[in-house]
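*Asks:* Okay, here's the prediction I keep looking at, along with the sequence it came from:
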Amino acid sequence: MNEQPAPNWYPDPSGRHEQRYWDGGAWTERVRDAGQETVDAVDAVAATTADEAATARIQRQVQDQAGLDPALAGGGTVFTEPILVVNQKVKLIEVNNEYAVYDQNGNQIAAVRQVGQSAVKKVLRVVSSLDQFMTHTLHVVDMQGNLLLTVTRPRKIIKSRIDVGDGSGRQIGSIVQKNAIGKIRFGLEAGGSDVGSINAENWRAWNFSIQDNRGEEVARITKTWEGLAKTVFTTADNYVLQIHRPLQDPLRSLVVASALSVDTALKQDSRGFN
């Protein structure tokens, strides 16, 4: 079942206005047309579910913010969908990273959870930036709770390495930071060979081009803008992954792991390489 969508403006499900405000638990009487806010009774939309609001939010991220046209339907898993939407759970104080993973239609197909956080590490995360030098582990699970991927970023000094394993604990490969200055770049490695790379498109490392070992772009990660208030007062980040064509392992799993760990394993390190 989809999480309750965050408070925000969404397409008005009644069809009477361009947008209606969702307060996080129910539709409100606040509506907007051509940027002008007015009020309209909520009786006609009272039966509309939160899932519909969440679906509208995901589709807005894919089509309006990431600029992607709807793609052909995938197989319903993180490994078979052409578009994945990764939304971080909003927290004013972030001590454990949690994400929901959706397909392009707003159906939640997986979750990403940080595991192994000690009490000391949680305290350090609140009061300092020292947690970036500690080990972080993410578990990617499907909606039945089955472990799909394990993503571990060992403690780092300057450059990061992210180790990726499958659900049974078998090592798939690694995501290895190649530089510490300028536009950040990571290599995708498996079995001692380079299978691809992740290339930030600006020095703040918000958007990434993922390429195979021939330099051909096979996927793209785009950070989606959730509004000034959310960006200033919380640490939540949302991303859209577009996979251009079917990929084979180990590249496929490394691409998926890159998108699902971009905040904790890559973007979270921005304090160290901006």
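*Replies:* Right, received. Where do you want to start? Residues are numbered from 1 along each chain as shown.
*Asks:* CA atoms for contacts and neighbours, from now on please.
*Replies:* Will do.
*Asks:* Quick check: pLDDT value at the nearest residue in space to residue 161 that is not next to it in sequence.
*Replies:* Using Cα to Cα, 6 or more residues apart in numbering and skipping residues adjacent in sequence, the residue nearest residue 161 is residue 176, 4.5 Å away. Model confidence at residue 176, given as pLDDT, is 92.
*Asks:* cool, and the one 5 residues further on?
*Replies:* Taken from the predicted model, the pLDDT recorded for residue 181 is 82.
*Asks:* Could you check how far it is from residue 11?
*Replies:* 42 Å (Cα to Cα, to the nearest Å).
*Asks:* what ranges do the helices span in the stretch 151-274 of the chain?
*Replies:* 228-233, 251-260, 270-273 (DSSP state H, counting those that start in this stretch).
*Asks:* picking up where we left off before, out of residue 181 and residue 11, which sits in the more crowded spot?
*Replies:* Per other Cα atoms under 10 Å, whichever of residue 181 and residue 11 has more neighbours is residue 11, with 20 against 11.
*Asks:* Report the contact partners of that one.
*Replies:* Neighbouring residues of residue 11 by Cα atoms under 8 Å, 6 or more residues apart in numbering: 17-20, 56.
*Asks:* what about the nearest residue to residue 183 once chain neighbours are set aside, neighbour count?
*Replies:* Spatially, and ignoring its direct neighbours in sequence, residue 183 is nearest to residue 203 (4.5 Å; Cα to Cα, 6+ apart). Residue 203: 14 surrounding residues under other Cα under 10 Å.
*Asks:* Check residue 203 and give its pLDDT.
*Replies:* At residue 203, the pLDDT recorded in the model is 70.
*Asks:* Tell me what the closest residue to residue 243 other than its chain neighbours is bridged to.
*Replies:* Closest residue in space to residue 243, ignoring its immediate chain neighbours: residue 219 at 4.3 Å, by Cα to Cα, 6+ apart. As for beta bridges, residue 219 partners with residue 210, residue 243 under DSSP bridges.
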